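Student: structure for the following, please:
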Amino acid sequence: MTNPLFYAKIILFGEYGMIEDSQGLVVPYSFYKGTLKFSDLSSDFELNSNRHLQKYSEFLTALDLSDDFKLDIESFKNDISNGLFFDSNIPQGYGVGSSGALVAAIFEKYSVSKLNPENISKDNLKKLKAVFGEMESYFHGKSSGMDPLICYMNLPILIENKENLDRVNIPEGEEGKGAIFLIDSGMTGETGPMIQIFFEKMKTEGFRKTLKEEFIRYNNACIESFLKKDMNPFFRNLKKLSHWAYEHFRPMIPESIFNIWKKGLDSNAYYLKLCGSGGGGYILGFTKDYAKAEKMLDGFQKEVIYRF
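Tutor: Numbering: from 1, shown residues only. Below is the predicted model:
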């Protein structure tokens with residue numbers, strides 16, 4: 001029996017804002033994926049993964065999960081001793097959910113009561129997100145549980161606020177001039193330190209005020225117009241969002257990206273935003289004319305994820 005694949009995820013909107021109750025829009029990204037497999041652990045990659053799972057199983061043993069979401073830890077440990085590893089091409093530190101896919105894969109395989117992502121109630125989605133948050137906290141301290149939830153559901157999710165989230169339909173992509181794309185910053189980012197910088201900033205009243213009154217407003221407006229496929233207000237708000245991040249999220253923007261971020265704002269040819277917590281990894285780009293943006297971003301590795 002082959003184990004299911006768990007895909008990476010991309011936070012299109014809501015990075016950092018979701019911590020402060022903004023909306024979020026998160027989509028699966030099938031280019032990167034991971035799955036649990038068995039082997040004789042002959043390669044370093046497999047052996048390292050197996051050792052990580054061993055350490056992680058100790059952490060999971062100590063977790064007190066509610067009865068509905070209990071894990072069969074004994075089976076997990078048994079499988080680890082028989083050569084279980086996580087085979088994944090999801091890059092770490094790139095903001096696309098490498099630990100989320102692992103958590104989702106373990107939960108899917110070892111949860112005692114089997115759930116079907118297709119028909120999980122809205123209430124259970126909330127509970128599951130909390131369980132995933134506990135499971136993922138092993139990897140970078142506090143976790144919202146959002147990454148594993150997206151990986152597990154393998155469906156686009158709209159986060160309405162801290163309390164509510166639901167499945168959502170993304171407008172069908174079509175072969176147009178416009179595109180959403182990823183730019184590789186050429187370096188990895190650590191989630192923990194970036195989140196710490198954010199919480200440091202949140203201690204100042206001015207930052208809290210502008211986050212709530214500007215960032216969250218632009219962010220939510222982008223989500224609303226994107227889901228309606230209303231591209232003029234979408235790009236209008238996107239520019240404001242990109243400019244706000246350029247001013248206020250400086251430490252999170254990788255140095256290699258700084259100049260092209262500004263170039264996009266000045267030329268209106270494309271707009272950039274963080275993908276995940278920043279510091280490195282991928283940056284998200286949005287453009288009405290990908291051919292033009294691509295020329296301007298020559299020398300950077302890019303991947304198109306959506307056309308319109």
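Student: which phi and psi does Y306 have?
Tutor: phi -160, psi 140 (degrees, to the nearest 10).
Student: the stretch 201-308 of the chain: strands as residue ranges?
Tutor: Secondary structure of the stretch 201-308 of the chain (DSSP state E, counting those that start in this stretch): strands located at 271-274, 282-287, 302-307.
Student: how does this structure divide into domains?
Tutor: What automatic domain parsing lists as the domains of the chain is 6-167, 179-307.
Student: mean pLDDT for those domains: which is lowest?
Tutor: Lowest mean pLDDT within the domains of the chain: domain 6-167, a mean of 94.
Student: what about it, how long is it end to end?
Tutor: Domain 6-167 stretches 17 Å from its first residue to its last (CA to CA, to the nearest Å).
Student: if we can go back for a sec, looking at the domains of the chain, which is nearest to G173?
Tutor: In terms of CB to CB, the element of the domains of the chain nearest to G173 is domain 179-307, at 5.0 Å. For every residue, glycine as well, the C-beta is placed using N, CA and C.
Student: measure that closest one end to end?
Tutor: End-to-end distance for domain 179-307: 4 Å, by CA to CA.
Student: go on, stretch 93-102?
Tutor: End-to-end distance for stretch 93-102, by CA to CA: 14 Å.
Student: other residues contacting it?
Tutor: 6-11, 29, 32-34, 86, 88, 90-92, 132, 136, 139-140, 146-151, 188-191, 274-278, 280-282 (CB atoms under 8 Å, 6 or more residues apart in numbering).
Student: who's in contact with I157?
Tutor: By CB under 8 Å, 6+ apart, the neighbours of I157 are 24-26, 146, 149-150, 165-168.
Student: change it to 6 Å
Tutor: Contacts for I157 were tallied using CB atoms under 6 Å, 6 or more residues apart in numbering; they are 26, 150, 165.
Student: the nearest residue to it once chain neighbours are set aside: what secondary structure?
Tutor: Among residues not flanking I157 along the chain, V26 sits closest, at 5.1 Å (CB to CB, 6 or more residues apart in numbering). Under DSSP: H, G, I helix; E, B strand; the rest coil, V26 falls in the strand class.
Student: for D123, same thing?
Tutor: Following three-state DSSP, we place D123 in the helix state.
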